[in-house]
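Asks: could you work out the structure for the sequence below:
(one chain, ligands or ions: 1)
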Amino acid sequence: MVPFPPGFGHDAAMSELHFSRHEYYMRLALREAERAATHGDVPVGCVIVLDGEVIAAAGNERELRNSPLAHAEMIAIEQAARHMGSWRLLNTVLYVTMEPCPMCAGGIVQARIPHLVWGAPDEKAGAAGTLYNVCQDERLNHCLEITSGVLADESVALLRDFFQARR
Ligand code: ZN
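Replies: Numbers count the residues shown, from 1 in each chain. Next comes the predicted model:
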């Protein structure tokens, strides 16, 4: 059970509470990552939150759909846009267990998402701080806030277990 901090979502001024909130939603994203592994997809999961409510949740479905575009973030962005009836995902927070790749970081910018929270860094494809920072490039027409490293150990453990099991 994920502990629900007192005053959850009502006192944005307390940074400690902010952190608990990020962990709470990242645990939901980790659950999506676990589901991805059950169909042979690399375990990456994503949730999108609007005013405290989860409006989209998806895992990586690249193998499941045989689609190079079916990363968790892309699927969740589609779901959230449908939910909001708009391509602009204003006032949302996107949580993803691994740092977005260039495609997904581009999608996050296109969707005008104001805040990205990611877990484990991706040294081979990370485009939100590691190799590139597509989300905070002032030459583009949208820059956003990034919180990185939330529950990174849990995310790395999932990925490690997945690749070890396949060997
Ligand atoms: Zn991606």
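
Asks: mind listing what's buried along the helix ranked longest in the chain?
Replies: As far as residue count goes, and with DSSP state H defining each element, the longest helix of the chain is helix 15-38. Under the neighbour-count criterion of 16 or more other CB atoms under 10 Å, helix 15-38 has 17, 20-30, 32-33, 35-37 buried. Quick note: C-beta positions are derived from backbone N, CA and C, even for glycine.

Asks: outside of the next helix or strand after it, which residues touch it?
Replies: Once helix 15-38 ends, the next helix or strand along the chain (criterion: DSSP states H and E) is strand 45-50. The contact list for strand 45-50 (CB atoms under 8 Å, 6 or more residues apart in numbering) reads 25, 28-36, 54-60, 72-73, 75-77, 79-80, 83-84, 89, 91-97, 113.

Asks: quick one: buried ones out of these?
Replies: Members of the contacts of strand 45-50 that pass the buried threshold by neighbour count (16+ other CB under 10 Å) are listed as 25, 28-30, 32-33, 35-36, 54-60, 72-73, 75-77, 79-80, 83-84, 89, 92-97, 113.

Asks: can you flag which of those belong to strands?
Replies: Of the buried ones among the contacts of strand 45-50, the ones assigned to strands by DSSP state E are 54, 55, 56, 57, 58, 59, 92, 93, 94, 95, 96, 97.

Asks: and which of these is nearest the ion?
Replies: For these, the residue nearest the ion by CB to the ion is residue 96; the value is 8.5 Å.

Asks: ok, that closest one touching residue 44?
Replies: Yes: using CB atoms under 8 Å as the test, residue 96 is close enough to residue 44 to be in contact (6.8 Å).

Asks: now do the shared contacts for those two.
Replies: The overlap between the contact sets of residue 96 and residue 44 (CB under 8 Å, 6+ apart) consists of residue 72.

Asks: what about residue 152, neighbour count?
Replies: 17 (other CB atoms under 10 Å).

Asks: same deal with residue 90?
Replies: 11.

Asks: between the helix or strand bottoming out on mean pLDDT in the chain and strand 45-50, how big is the angle?
Replies: The helix or strand of the chain with the lowest confidence, counting by mean pLDDT, DSSP states H and E, is helix 15-38 at a mean of 91. What separates the directions of helix 15-38 and strand 45-50 is an angle of 140 degrees, with axes from the mean of the first three to the mean of the last three CA atoms, to 10 degrees.
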